[in-house]
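**Q** turn this into a structure:
(2 chains)
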Amino acid sequence: MTIFQIPFRHSGSGIKGATGSGLATGLVWASVVAALAFIVVYPIVKLIVFSFTARTGATFDNYFYAFGRVRYLEALWNSLLYGAATTLVATLLALPLAWGFARTKMPGKTLIRAGLLGTFVIPSYLGAVAWILLAGPNAGWINRAWMFLSGAENGLFNIYSFGGLVFVSALYAIPYIFVYVSDGLSAVSSEMEDAARMLGAGTIGVAVKITLPLVAPAIFNGCLIVFLDTIALFGTPAVLGLPAHFNVAAVQLLEFFEYPVRAEAAAAYSLPLIAITCLALWLQRVLRGRRSYESVTGRTSAHVGAASPAVEWILFAYAMLILTLAVVLPVACLAKAAFSVAWGRPLTLANLTITNFSELLSSTDAQRGIGNSLAIAALAATNAVALGICTAYAVARRVFPMSSVFGPISLGTLAIPGITLGIGFYSAFSTAPFRLYGTITIIVLAFSARFLPIAYGSCVSGLAAIGTQLEEAVRSLGGSQLTSVRHVIVPLLRKHLLSAWILVFILAIRELSVVVFLAGPGSRTISMLLLDYSEGGNLELTAALGLVLLAITLIVVIAGQALLGRDLLSPADKS
Amino acid sequence: MKLLWAISALSSFAIFAAQTPSLADDEFADLAAKAKAEGEVTWYTAHFDTALVGKIGNAFSAKYPGIKVNGLKATAQVSYQRLLQDLSAGAPQADVFSSTDASQFVELARNNALEAYRPQNEKKIIPAFQNFDPAGFYHVTAVSLVAITYNNQKVNEADIPKTWQELLDSKWSNKIALGDPNFSGMVGAWTVTLQKMYGWEYFSRLSASKPLITRSIDDTVTILNSGERMLAAGDPASTLRSTAKGNPLSVFYPTDGAIAVVGPSGIVAGAKHPNAARLFMEFLLSTEAAQIEAEAFEQSLRPEVPGAKPLDQIKVNRVVTEDILSNLKDVREKWRNTFGK
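**A** Numbering: from 1, shown residues only, chains lettered A, B, ... in the order given. Next comes the predicted model:
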């Protein structure tokens, strides 16, 4: 299965007589219930309550304020447009890659996979900063090259436009769609495709008429994740949207915290985003329910070699183009700025330096930001995975009568865009009795909740592959549930847990949308600093910090892959 | 360029000169002892840039060992927003708040969110900037200019607009970059003041040349440097810092007046580190701080330290706080309508 194993539908398989026993076991389950209540249920409930709160009591005023201006409504509408367009473009860009990977012997698969991992690791706002330099209408590298080659007066692209914003966001969303679809494809038997081919259908015809409908559910799941992620993006629209005169809900939300602060109105304003998500999830169920996908049987042989060598080389060239746009050019751009004395000057030996890095790493600001980011990402990943394995186990093994309710709760934050969750945590934990605003703790809690669905999904799919016999053996020998989890489940799922941990770590270390509402002076992260540096006009430092972020993430990914013994983006072994 | 070198050479000499009297700073010994017990001071600031904020913080910690400075630099609106977010959460993180939008302090003082404190060093700054708030809740700690900044590889000094009015020439269509008054206090002050000078019509005409609008005034440094646009209404300090690295940027002080933005600071009421905050206010007005700022091409508030540009050598239009208070909100709305959301 893939790294994003979000079980949109799942069921449990109980072990007879597996009801919890023992004080320790009871305590563990009690703390799981408490944790879910505390970091998932409470912030959501509080967000809703908060949206109806005024100093004088309950009120609808926040809603009147939040939806009472055309500008605000327009921003919500723009977010929908932005989310839909980004999803569409990302899907179109990713489908040929995924198909080529699963169905052809296209060359360079290892390289492409590494490149896609690189794409995944780059936060889209960092990509956006680089793309300003690449496709600024007058001076972007690409546009200058175009003007030079063609003799045209104007550049080819204007990154400061709706199209530019969508393009950059879509570029960095490709890995999500790719992983879902290539995984879906390798799970779909190619028998039907072979049959169609024998009956005389061409490569394209088979791909469009047979393969596409078969993997439609996988595509839809990928789309859903991209859509949810996009409408919550803060950095990219802040960097590219303002010059393009394009306001989105995420940026608008922060405006509610201007003087006079209307946090309650922000809560009200953020709720339709949840409604939209629920609508999308419902749509997904409906679409899924209409058809039967029994051809997705998991272990059948997927036929590789559906295309001629010419097509394979075209696919390879296409993959190289995508990776050049998403990784090579932006990183080259950032590297040029990071290693230049003056990045506005040509790259000569005299203009090369590492002082930007030494300046960066000697500043207390950056030191603390890097430390915070590492601590937050590691703690959040650990929390999410620990909670994920507990809830997944409780659901899969029907540990106690009501334990199936853990499923929807663990997946609950999936339906909540990052910015909405940020405001939920702000309303739940900033005031008394918690007073966690501005601490690292509140960010760790928010991230644990935000990434719980990913950890949970990974554990559910791992558990599904483990038979219950081993646990039954432990139980029949008198071992407690805790013993069987600790000595059977965790060792068997070691790789699942590790890959989930790495995934949450990557997502957490680059996360910005939640952090902008929760960070205080002592808890700023690398992502916050990147935004501050770039607004300070110091591109040399911004680029250097961006490269440091990428380096840290790559180290974690490489170390993780060494431990996993496989590629993070490749299908995991199902044993 | 020569002028720049002269200024920085002069500044390094002045540092040397300024180091001697710092031994005599015993006047704050009591305060420093109390501040030390508090151990740290948190500073939300729209003044300067991240690197300079860090340098000032380090210099403070070096002078008063054991007191850490948590400097948090952001645009005026974002800093203010964070402060208000803290205050409404009942958890003021900031001890000292500095902004480039003076009207924020009027609001804060009105809402009892500031502590009155008159730094002793306040009497030693350039007289024109003393006693900014007679009630003593906030004091001028920085003066910044908005001038015409440009990429000197894309446009010659001879050709650049010499006044704000000349910026309206249609030949600059698609060549100008501006910050946004909705995010930047400096740009807000600039907009309010130019409206006062030339009416809103100025901006209606300016919008015809389709300026590129970024969030902060310092974003224009990046935009000019990449060559994306060649002229900007920019902050000479951040621009000259980039120039000092070797980037092809220059500043012209328009003859109808560079806009001087007064940046105040105040102590947040209920601050967790009140004594450290007072000591830090003193430090912001000290010659040491002025020296560090001058080296980073900022204006100096202390007459004994020459700043980036002697204010008596150029025409300057000082921003009036009352104008900001009564017009900024309106101007921000008009800006959205004129330039698009």
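**Q** give me every residue in the stretch 401-550 of chain A lying close to chain B.
**A** Within the stretch 401-550 of chain A, the residues that sit near chain B (C-beta under 8 Å from any C-beta of the partner chain) are A:426, A:430-432, A:435, A:437-438, A:517, A:520-522, A:524, A:529, A:532-541. From N, CA and C alone the C-beta is placed, and that goes for glycine too.
**Q** and if we set it to 7 Å?
**A** The stretch 401-550 of chain A comes close to chain B at residues A:430-432, A:435, A:437-438, A:520-522, A:532-533, A:535-539, as judged by C-beta under 7 Å from any C-beta of the partner chain.
**Q** who in chain A is up against chain B?
**A** With C-beta under 7 Å from any C-beta as the criterion, chain A meets chain B at residues A:71, A:133, A:136, A:138-139, A:160, A:238, A:242-243, A:245, A:247, A:257-259, A:261, A:263, A:341-345, A:363-365, A:430-432, A:435, A:437-438, A:520-522, A:532-533, A:535-539.
**Q** would you point out the most distant pair within the residues of the stretch 401-550 of chain A next to chain B?
**A** A:Ala432 and A:Leu539 (42.0 Å; C-beta to C-beta).
**Q** neighbour count: these two, which is higher?
**A** Neighbours per residue, other C-beta atoms under 10 Å in any protein chain shown: of A:Ala432 and A:Leu539, the larger number sits with A:Leu539, 30 against 8.
**Q** which residues of the stretch 101-250 of chain B score low on pLDDT?
**A** Residue ranges of the stretch 101-250 of chain B with pLDDT under 70: none are present.
**Q** can you pull the contacts of B:Gly39?
**A** Applying C-beta atoms under 7 Å, 6 or more residues apart in numbering or on different chains to B:Gly39 gives the contacts B:Gly66, B:Ile67, B:Lys68.
**Q** find me the pLDDT at the first one, would you?
**A** Going back to what we said before, that points to B:Gly66. For B:Gly66, the model assigns a pLDDT of 93.
**Q** in a strand, it, correct?
**A** No: assigned with DSSP: H, G, I helix; E, B strand; the rest coil, B:Gly66 falls outside any strand and is coil.
**Q** burial count for it?
**A** B:Gly66: 12 neighbours (other C-beta under 10 Å).
**Q** all the strands of the chain, in order from the start?
**A** Going with chain A. A:53-54, A:57-58 (DSSP state E).
**Q** can you look at chain B instead?
**A** B:40-45, B:68-73, B:96-98, B:114-115, B:138-151, B:176-178, B:212-213, B:231-234, B:249-252, B:258-268, B:316-318.
**Q** circling back: ok, and the most crowded of the residues of the stretch 401-550 of chain A next to chain B?
**A** Those, ranked by neighbours (other C-beta under 10 Å): first place A:Leu539, 30 neighbours.
**Q** let me see the contact set for that one.
**A** Going by C-beta under 7 Å, 6+ apart, A:Leu539 touches A:Ala337, A:Trp343, B:Thr222.
**Q** now with 8 Å?
**A** A:Leu539 makes contacts with A:Val129, A:Ala337, A:Trp343, B:Val221, B:Thr222, B:Asn225, as judged by C-beta atoms under 8 Å, 6 or more residues apart in numbering or on different chains.
**Q** around chain A, pick out the residues from the stretch 151-300 of chain B.
**A** B:151, B:174, B:180, B:183, B:212-216, B:218-223, B:225-229, B:238, B:242, B:245-249.
**Q** looking at those residues, which are in helices?
**A** Using DSSP state H, B:Asp219, B:Thr220, B:Val221, B:Thr222, B:Ile223, B:Asn225, B:Ser226, B:Ser238, B:Ser242 are the members of those that sit in helices.
**Q** farthest-apart pair in these, please.
**A** B:Ser226 and B:Ser238 (15.0 Å).
**Q** and the gap between the closest residue in space to A:Cys459 that isn't next to it in sequence and A:Leu411?
**A** Nearest residue to A:Cys459, sequence neighbours excluded (C-beta to C-beta, 6 or more residues apart in numbering or on different chains): A:Ala392, at 3.5 Å. Counting by C-beta to C-beta, to the nearest Å, the gap from A:Ala392 to A:Leu411 is 11 Å.
**Q** what do the two both touch?
**A** Taking C-beta under 8 Å, 6+ apart as the criterion, A:Ala392 and A:Leu411 both touch A:Tyr456.
**Q** compare those two (neighbour count), which wins?
**A** A:Ala392 (29 against 22).
**Q** was I right about the more buried one contacting A:Ile466?
**A** No: the criterion here is C-beta atoms under 8 Å, and A:Ala392 misses it with A:Ile466 at 11.0 Å.
**Q** what about the closest residue in space to B:Lys123 that isn't next to it in sequence, neighbour count?
**A** In space, and not counting its chain neighbours, B:Lys123 is closest to B:Gln130: 6.7 Å by C-beta to C-beta, 6+ apart. Neighbour count of B:Gln130, defined by other C-beta under 10 Å: 13.
**Q** which residues does B:Gln130 contact?
**A** By C-beta under 8 Å, 6+ apart, the contact list for B:Gln130 reads B:Glu122, B:Lys123, B:Val140.
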